[in-house]
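Participant: Whatever this is, show me its structure:
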Amino acid sequence: MALLMLSNLHPDTTEEQVKEFLGRYGVPPFDEIEFQEGDGTRPAATLTFLSVDAAALRQYVQRIHGVFWNGHKINALVLRERFT
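Facilitator: I've put the predicted structure just below:
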């Protein structure tokens, strides 16, 4: 299992848009998505990949980190698992 955080998303970004964006860069489909609105200036989403490990996900992050998408420069970061 691996967790990916995408931040600096456009506030109106949908789950379908995230799927399409990641698919364009060859990232495997995620199993869960959780949006974090925060104060609305830099919304984020945490994606859970049950069948991808963190090492493999880091390879995909190199493709999408810093990409300008939907009016924003996207930040991508593989997170450590919260619980083991």
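
Participant: Contacts only, for the residue lying closest to Val27 once chain neighbours are set aside.
Facilitator: Nearest-residue entry for Val27: Tyr60, 4.6 Å, with adjacent residues in sequence omitted and distances by CB to CB, 6 or more residues apart in numbering. Heads up, the C-betas are built off the backbone N, CA and C, glycines and all. By CB atoms under 8 Å, 6 or more residues apart in numbering, the residues touching Tyr60 are Leu22, Tyr25, Gly26, Val27, Pro28.

Participant: now do His65
Facilitator: Counting by CB under 8 Å, 6+ apart, His65 touches Ile74, Asn75, Ala76, Leu77.

Participant: if we go to 6 Å?
Facilitator: By CB atoms under 6 Å, 6 or more residues apart in numbering, the contact list for His65 reads Ala76.

Participant: In terms of pLDDT, where does it sit?
Facilitator: The model reports His65 with a pLDDT of 96.

Participant: quick one: it from Asp39, how far?
Facilitator: Distance from His65 to Asp39, counting by CB to CB, to the nearest Å: 23 Å.

Participant: For Cys10, grab the count of nearby residues.
Facilitator: Just to correct that, residue 10 is His rather than Cys. Counted with other CB atoms under 10 Å, residues neighbouring His10 total 13.

Participant: Only alpha carbons, please: show the helix or strand encompassing Ala55 as CSV.
Facilitator: According to DSSP states H and E, Ala55 maps onto helix 54-64. Below are the C-alpha coordinates for helix 54-64, written out as CSV (Å, rounded to 0.1, in the frame of the first residue of the first chain):
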residue,chain,number,x,y,z
ALA,A,54,5.9,3.3,-2.2
ALA,A,55,9.1,2.7,-4.1
ALA,A,56,7.2,2.2,-7.4
LEU,A,57,5.0,5.2,-6.7
ARG,A,58,8.1,7.4,-6.2
GLN,A,59,9.0,6.6,-9.9
TYR,A,60,5.6,8.0,-11.0
VAL,A,61,5.9,11.1,-8.8
GLN,A,62,8.9,12.2,-10.8
ARG,A,63,6.5,12.4,-13.9
ILE,A,64,3.9,14.6,-12.2
